[in-house]
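> Got a predicted structure plus its sequence, pasted below:
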Amino acid sequence: QVQLGESGGGSVQAGGSLRLSCASSGRTLSTYGLGWFRQAPGKERDFVAAISTGGLTYYAGSVKGRFTISRDNAKNTMSLQMYSLKPEDTAVYYCAAAGRAADLLRSKADYWGQGTQVTVSS
């Protein structure tokens with residue numbers, strides 16, 4: 001069983017930075033594709049970024065060049081470094097794990113975290 005937990009959310013002004021982390025308290029994450037999704041109020045949950053077991057990364061167009069996803073298999077963690085944050089980045093951010101990163105690109109995951117709030121003020 002994989003139990004995911006996010007940390008690092010908070011409030012920041014536009015142009016600022018935040019780093020989100022996701023850790024597993026269960027099985028190792030090294031065999032899973034990992035990703036981040038976000039859901040703004042009144043909107044559907046959207047794909048943000050994913051990283052394969054081999055370290056290949058994928059990003060939504062809206063965050064490419066501003067966000068960086070990474071994983072540390074030794075620590076059983078994943079991170080999302082967010083730069084140049086915009087008010088439209090405000091959302092609850094969820095980490096997710098899937099058998100393949102390709103599944104995450106289709107918004108399919110085997111495991112989800114509970115989410116962490118990111119608020120960007122103008």
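Arrived safely.
> where along the protein do the helices fall?
101-105 (DSSP state H).
> any chance you could map the strands in it?
Taking DSSP state E as the test, the strands found in the chain are 4-7, 10-13, 18-24, 33-39, 45-51, 57-59, 67-72, 77-82, 91-98, 111-112, 116-121.
> Run through the bridge partners of the most centrally placed residue in the chain.
Closest to where the C-alpha atoms of the chain average out (C-alpha atoms, centre = their mean) is Trp36, at 2.3 Å. Following DSSP bridges, Trp36 is listed with bridge partners Ala49, Cys95.
> Contacts only, for it.
20, 22, 48-50, 69, 80, 93-96 (C-beta atoms under 8 Å, 6 or more residues apart in numbering). No exception for glycine: its C-beta is placed from N, CA and C like everyone else's.
> measure it to Gly54 for me?
Look at Trp36 and Gly54: by C-beta to C-beta, to the nearest Å, they are 18 Å apart.
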